[in-house]
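Colleague: quick check, what structure comes out for this input:
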Amino acid sequence: AAFGNVHGVYKPGNVKLEPKILDKAQKYITEKLGDDAPESGLPVAFVFHGGSGSDVSDIQEAIGYGTIKMNIDTDTQWSYWEGIKDFEAKYHGYLQGQIGNPEGDDKPNKKYYDPRECLRSAEANTVARLTQAYADLKCQNICGLGQKKEAENVMGPRRGGLPV
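Modeller: Residues are numbered from 1 along each chain as shown. I've put the predicted structure just below:
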């Protein structure tokens, strides 16, 4: 079964979620199933459509009532774009030409306009957004994988890449 707001993101207050309807639905279905109802009291697994921009308290309340999946495409699209946007703002003076930047008129800018650099910034920003979503959805450290370790096989300032 599905639950959620409209797809996209809207100004806070324009879309009102009522996760309590999920609780009412679970209780109703449990009652109708009688002895065949699961002990958890959650016979239906809900999908939260249009979760982007939803309040964390609504998300977590919905999880408590049987939501097992939430769509966050709009949030991940924005996080990717925001990484590129922030990269451009941070290195704007280095992205105006191949030669010449705030460090000098004869300084090269190759490492700044390399598209892999702004894409890495976009990816890092998206990873941060996904990490937040995993926390909001209470789905961290539940698969027996242990704590996340920092990746060692990535380009960074020591290896010629720009800091993100």
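
Colleague: SS state for the most far-flung residue of the chain relative to its centre?
Modeller: The centre of the chain is farthest from one residue, Asp106, which by Cα atoms, centre = their mean lies 40.5 Å away. Following DSSP: H, G, I helix; E, B strand; the rest coil, we place Asp106 in the strand state.

Colleague: pretty sure it contacts Ile99?
Modeller: Yes. Between Asp106 and Ile99 there is a contact at 6.5 Å, judged by Cβ atoms under 8 Å. No exception for glycine: its C-beta is placed from N, CA and C like everyone else's.

Colleague: once you drop chain neighbours, what's closest to Lys27?
Modeller: Computed as Cβ to Cβ, 6 or more residues apart in numbering, the closest residue to Lys27 that is not its neighbour in sequence is Gly41, at 7.4 Å.

Colleague: where does pLDDT dip in this structure?
Modeller: Low-confidence segments of the chain, defined by pLDDT under 70: 1-8, 10-15, 144-145, 153-161, 164.

Colleague: swap in 90 and give it another go.
Modeller: Within the chain, the stretches with pLDDT under 90 are 1-19, 47-56, 58-59, 68-75, 134, 137-164.

Colleague: for it, what's the longest helix?
Modeller: As assigned by DSSP state H, the longest helix anywhere in the chain is helix 115-136.

Colleague: and that helix, what does it pack onto?
Modeller: helix 56-64, helix 73-90 (3 or more Cβ pairs under 8 Å, 6 or more residues apart in numbering; DSSP states H and E).

Colleague: buried ones in it?
Modeller: By 16 or more other Cβ atoms under 10 Å, the buried positions in helix 115-136 come out as 117-118, 120-123, 125-126, 129, 133, 136.

Colleague: ok, now which ones touch the residue lying closest to Phe46 once chain neighbours are set aside?
Modeller: If the residues on either side of it in the chain are set aside, Phe46 comes closest to Thr67, at 4.4 Å by Cβ to Cβ, 6+ apart. Contacts here follow Cβ atoms under 8 Å, 6 or more residues apart in numbering; on that basis Thr67 touches 3, 22, 45-48, 59.

Colleague: thanks a lot, catch you later.
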